[in-house]
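Enquirer: show me the folded form of this:
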Amino acid sequence: MDKQELYKKMQALWVEENGVKVGDKVKVLRQFGEYELGSNVLRSKWKPEKADMIGHVFPISQIYDTSISINSPKDNRREFPFFVLEIVDQPRDPEVICKFFAKDEEGKLVEYEMSPDSARNYHKAMGE
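Expert: Residues are numbered from 1 along each chain as shown. Alright, predicted model coming up:
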């Protein structure tokens, strides 16, 4: 399975297991890297205007198979990979961030951070 297909599978698990739907509120936890964990959709690349969204809560406006779209303060849609979002409609400990290591496209070991829900789904998708 290639990384983009793995990403789609992980996001589908995250959406299903958390009952995520349009209108739910999510908090943007951090910046993400291009192609990080297979999220290589052009429209979800990191852009400077997304930096102001880190640490803030926004409603989900659309759920695609490759990204989650949320409304920015200027009512523009911005797309993010699921693993940098935390669902805030459900009780969560915002301080908990899971760290793990995985190989990047070049085979180098890289440290990743994600929410506990995202980490669980990553391991499920990998068959661990």
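
Enquirer: can you give me the helices for the chain?
Expert: 3-18, 116-125 (DSSP state H).

Enquirer: what mean pLDDT does the last one get?
Expert: What it means is helix 116-125. In this model, helix 116-125 has an average pLDDT of 66.

Enquirer: before we move on, what about stretch 88-98?
Expert: Stretch 88-98 comes out at a mean pLDDT of 58.

Enquirer: next: stretch 4-23.
Expert: 87.

Enquirer: ok, and for it, which residues are buried?
Expert: For stretch 4-23, the neighbour count (16 or more other CB atoms under 10 Å) marks 4, 7-11, 13-15, 18, 20 as buried. All C-beta spots, glycine's among them, are computed from the backbone N, C-alpha and C.

Enquirer: against residue 104, how distant is residue 110?
Expert: 5 Å (CB to CB, to the nearest Å).

Enquirer: kindly report the same for residue 2.
Expert: From residue 2 to residue 104 the distance is 14 Å (CB to CB).

Enquirer: do residue 3 as well
Expert: Computed as CB to CB, the residue 3 to residue 104 distance reads 10 Å.

Enquirer: now swap in residue 63 and tell me
Expert: Counting by CB to CB, the gap from residue 63 to residue 104 is 26 Å.

Enquirer: ok, residue 87 next?
Expert: The value you get for residue 87 to residue 104, if CB to CB is used, is 27 Å.

Enquirer: and the two? Which one has more around it.
Expert: Neighbours were tallied for residue 87 and for residue 104 using other CB atoms under 10 Å; the higher tally belongs to residue 87 (19 against 14).

Enquirer: spit out the contact partners of the more buried one.
Expert: 18, 20, 24-26, 117 (CB atoms under 8 Å, 6 or more residues apart in numbering).

Enquirer: noted, bye for now.
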